[in-house]
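S.K.: Return a 3D structure for these sequence lines:
(2 chains)
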Number of protein chains: 2
Amino acid sequence: MSERALITGGAGCIGSVLAERLVARGDQVTVIDDLSSGRREHIAAIEPHRNFRFVEADVLDVASLDVAMAGTDTVYHLAANPDVKYAPGDPTDKDLRQNTIATYRVLETMRRHGVRRLAFASTSAVYGRAETLPILESAPTRPISLYGATKLACEGLIGAFQNLFDMECRIFRFANIVGPRVRAKGRTVIGDFIARLRENPRELRILGDGNQSKSYLSADECVDGIVFAMERAGGGLGVFNLGCEGGLTVRRIADLVALEMGLSDVRYGFTGGEGGWPGDVPRFELDVSAMARLGWHAGKNSEQAVVEAIRSSLVHADGGAACAGFRADDLDSRQPEGVAA
Amino acid sequence: MSERALITGGAGCIGSVLAERLVARGDQVTVIDDLSSGRREHIAAIEPHRNFRFVEADVLDVASLDVAMAGTDTVYHLAANPDVKYAPGDPTDKDLRQNTIATYRVLETMRRHGVRRLAFASTSAVYGRAETLPILESAPTRPISLYGATKLACEGLIGAFQNLFDMECRIFRFANIVGPRVRAKGRTVIGDFIARLRENPRELRILGDGNQSKSYLSADECVDGIVFAMERAGGGLGVFNLGCEGGLTVRRIADLVALEMGLSDVRYGFTGGEGGWPGDVPRFELDVSAMARLGWHAGKNSEQAVVEAIRSSLVHADGGAACAGFRADDLDSRQPEGVAA
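M.R.: Got it, this is the predicted structure:
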């Protein structure tokens, strides 16, 4: 199948992989991205392609969104505030604007243009502290971060638009996405651990008690799951956890980073507490049986995805363009800004 | 206990009853209301009271919110877009602005003023089409209306603020609230049925198949439940269905209206379909055991609450100030605008 696709946030770590996939499939692809966290170099390889178009703009800008939306069959809405963590002094409305209001504008622009198909990048942060693991899509959604709350708000708006305007919408609640293009080094757990161990190979400070455990998925498999589900799932509204089975602790990630760096006898110092930062969900593991019923499952488990990301980070960390580490909604052991090199 | 309370939407059908209750209890009460749906006459009786203050302003106006918030212990956030139904041609962002963004501004103003306690008027519309009845608070929230979606967004924001800023928040998911001050005649099911039967006592058009069944609660009991829970429930975040056991069908409401008007042999015409309007949830019934565990339950069942509201409507329907009927989130059989007298 070939279609006209609009990818918001399409120069980001996941969106750019998706853009490549869809162009390769023969789709006409438009990317809208303001390059606030996405990077032009992520789409450099496909930018000359005649089936590719880039609109450099914020999705909050309705006029640009109109230009990008014209003639679209399917919207892949991945643009969002990638910075999950709230730190004292931060504005409290950034997530509201960049997630909820931006999503409203995408939906309203779709409605005006008669565009009916949507894939949406949501997050497992909508669940908050789940009472039972693994978490089913039908579990209560009680977010404890502004990021999770404003993504849940997007999901609600999508449900209402889907029902009122007869759209076909798929919501994907992502595990922590890892991969070579994911965020700059030093801001996320893999990049931070690598930077710190390069500075001091004998000691590593870890936020929380190190037992925070999360589910990880590589960006390429994330894209694979989205494309698979969009090709197969039926009409109406679908909500899918997108991850792999099982989880991985922060302590284990530290072990893996040390191992890949060839270090032994690294002494860990823990800041203590069960969560790494305010709004952190200390433990989650996704029930991925809904995607399995469609016929899709991740090829790599959390540890394999993380090891791959570590190796990629070690190769690229000294380079300029390539970023490495974790998507920012993996913040279990993220170090405060300015502390990491 | 005596406290300094701020009631947003405090000139509304529920807020004004709450204001009277809190003033009678000895609280210092500030009401902020822009009178877009609230009415000055609802607070006329308490306005001269020295413990009462009225700020006529939209809660979206942060400067006014600042004035109203100063010195507050507890916020009762009831201000909202009362018009649940989306009709083609309506703006799609009204609920987003008046529910979600307004709630964000209330929360942010609370944070800046160091106000920690919040009661929030949410809605059973957050559940959407529930798979099992009665609906527990832990049931999936899949709203199908903009009203439900934007109230769910408020709930998410409240959860995040509660967690990040150590607030104490109670979310009350209302059943359909009925009472003498609730909405103008002709716009809601009781008022509409009365108006139509006065015009033609032999025939009554009913939206949907008449089997839509909902849970009803009188405004005074709604206020009673909120006050009870705020006096007793502990810290953190609490979510409570606020209603009574069982439901009532639209057809039964038609019977009750005819009965109270002394009419017999009214012929019903049904427009058909299971829902009354786009975004309507055809059937809901709330599990109210969480409130029961606190020690509270409604004194009246749905039918008693509705009969009381019908009687009140029949008394006041010809008058000017008093409004009668249903709160607008009961729209199961609401007639299109302009059709009713």
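S.K.: Okay, now stretch A:5-22: how far is its last residue from its first?
M.R.: 8 Å (Cα to Cα, to the nearest Å).
S.K.: average model confidence for that stretch?
M.R.: Across stretch A:5-22, pLDDT averages out at 97.
S.K.: how about the lengthiest helix in chain A against chain B, any contact?
M.R.: Longest helix in chain A by number of residues (criterion: DSSP state H): helix A:146-165. Yes: Helix A:146-165 is in contact with chain B by Cβ under 8 Å from any Cβ of the partner chain, via A:146, A:148-150, A:152-153, A:156-157, A:159-161, A:163-164. All C-beta atoms are positioned from the backbone trio N, CA, C, and that covers glycine.
S.K.: what are the pairing partners of whichever helix or strand comes after that helix, and which direction each?
M.R.: Sequence-wise, the next helix or strand downstream of helix A:146-165 (DSSP states H and E) is strand A:168-174. Sheet neighbours of strand A:168-174, with direction, are listed as strand A:117-123 (parallel), strand A:237-242 (parallel) (DSSP bridges).
S.K.: Mind listing residues that contact strand A:168-174?
M.R.: Residues from elsewhere that reach strand A:168-174 (Cβ atoms under 8 Å, 6 or more residues apart in numbering or on different chains): A:116-124, A:126-127, A:137, A:155, A:158-159, A:161-162, A:217, A:222, A:225-226, A:229-230, A:233, A:235-243, A:286, A:327, A:329.
S.K.: List only buried entries from these.
M.R.: Buried by 16 or more other Cβ atoms under 10 Å in any protein chain shown: A:116-124, A:126-127, A:137, A:155, A:158-159, A:161-162, A:217, A:222, A:225-226, A:229-230, A:233, A:237-243, A:286, A:327, A:329, out of the contacts of strand A:168-174.
S.K.: Which residue, other than its chain neighbours, is closest to the residue of the stretch 201-341 of chain A found nearest chain B?
M.R.: Proximity of the stretch 201-341 of chain A to chain B (Cβ to the nearest Cβ) peaks at residue A:278, 5.4 Å away. Using Cβ to Cβ, 6 or more residues apart in numbering or on different chains and skipping the chain neighbours, the partner closest in space to residue A:278 is residue B:164 (5.4 Å).
S.K.: packing partners for the longest helix of chain A?
M.R.: Here helix A:146-165 touches helix A:94-95, helix A:102-113, strand A:117-123, strand A:168-174, strand A:237-242, helix B:146-165, going by 3 or more Cβ pairs under 8 Å, 6 or more residues apart in numbering or on different chains; DSSP states H and E.
S.K.: cutoff 7 Å now
M.R.: helix A:94-95, helix A:102-113, strand A:117-123, strand A:168-174, helix B:146-165 (3 or more Cβ pairs under 7 Å, 6 or more residues apart in numbering or on different chains; DSSP states H and E).
S.K.: re the thing from before, rebuild the strands paired with strand A:168-174 as CSV, extending it with mean pLDDT and distance to residue B:203.
M.R.: Output for the strands paired with strand A:168-174, formatted as CSV (pLDDT from 0 to 100; distance: least, Cβ to Cβ, whole Å):
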stretch, mean pLDDT, distance to residue B:203
strand A:117-123, 98, 43
strand A:237-242, 97, 38
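S.K.: Select, out of these, the one closest to residue A:210.
M.R.: strand A:117-123 (22.8 Å; Cβ to Cβ).
S.K.: how far does that closest one sit from the chain's center?
M.R.: 11 Å (Cα atoms, centre = their mean, to the nearest Å).
S.K.: One more: stretch A:6-17?
M.R.: For stretch A:6-17, the distance to the chain centre is 10 Å (Cα atoms, centre = their mean).
S.K.: what's the answer for stretch A:103-122, then?
M.R.: Chain-centre distance of stretch A:103-122: 19 Å, with Cα atoms, centre = their mean.
S.K.: Span of it from start to end?
M.R.: OK, stretch A:103-122 end separation, Cα to Cα: 11 Å.
S.K.: Ok, stretch A:280-289 next?
M.R.: Per Cα to Cα, the first residue of stretch A:280-289 is 25 Å away from its last.
S.K.: Show me the helices in chain A, by range?
M.R.: A:15-25, A:62-69, A:94-95, A:102-113, A:146-165, A:189-199, A:219-232, A:250-260, A:289-294, A:302-316.
S.K.: Looking at those, which one is packed in the most?
M.R.: helix A:146-165 (a mean of 27; mean count of other Cβ atoms under 10 Å in any protein chain shown).
S.K.: what is the orientation angle of that one with strand A:117-123?
M.R.: 160 degrees (axes from the mean of the first three to the mean of the last three Cα atoms, to 10 degrees).
S.K.: export helix A:146-165 as PDB, just CAs?
M.R.: Provided in PDB are the C-alpha atoms of helix A:146-165 (Å, rounded to 0.1, in the frame of the first residue of the first chain):
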ATOM      1  CA  LEU A 146       3.000  16.600  33.600                       C
ATOM      2  CA  TYR A 147       4.300  14.600  30.600                       C
ATOM      3  CA  GLY A 148       2.100  11.600  31.300                       C
ATOM      4  CA  ALA A 149      -0.900  13.800  32.200                       C
ATOM      5  CA  THR A 150      -0.700  15.900  29.000                       C
ATOM      6  CA  LYS A 151      -0.200  12.800  26.800                       C
ATOM      7  CA  LEU A 152      -3.300  11.300  28.500                       C
ATOM      8  CA  ALA A 153      -5.100  14.500  27.600                       C
ATOM      9  CA  CYS A 154      -4.100  13.900  24.000                       C
ATOM     10  CA  GLU A 155      -5.500  10.400  24.100                       C
ATOM     11  CA  GLY A 156      -8.800  11.700  25.400                       C
ATOM     12  CA  LEU A 157      -9.000  14.300  22.600                       C
ATOM     13  CA  ILE A 158      -8.200  11.600  20.100                       C
ATOM     14  CA  GLY A 159     -11.000   9.400  21.400                       C
ATOM     15  CA  ALA A 160     -13.500  12.300  21.200                       C
ATOM     16  CA  PHE A 161     -12.400  13.300  17.700                       C
ATOM     17  CA  GLN A 162     -12.500   9.700  16.500                       C
ATOM     18  CA  ASN A 163     -16.000   9.300  17.800                       C
ATOM     19  CA  LEU A 164     -17.400  12.600  16.700                       C
ATOM     20  CA  PHE A 165     -15.800  12.800  13.300                       C
END
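S.K.: could you give the angle of that helix to helix B:102-113?
M.R.: Using the same axes, to 10 degrees: helix A:146-165 against helix B:102-113 is 160 degrees.
S.K.: Which pLDDT does the model give whichever residue of the stretch 1-150 of chain A sits closest to chain B?
M.R.: Relative to chain B, the nearest point of the stretch 1-150 of chain A is residue A:149 (3.4 Å; Cβ to the nearest Cβ). In this model, residue A:149 is scored at 98, pLDDT.
S.K.: give the contact list for the residue nearest to it when sequence neighbours are not counted.
M.R.: Excluding the flanking residues, the one nearest residue A:149 by Cβ to Cβ, 6+ apart is residue B:156, at 3.4 Å. By Cβ atoms under 7 Å, 6 or more residues apart in numbering or on different chains, the contact set of residue B:156 is A:143, A:149, A:152-153.
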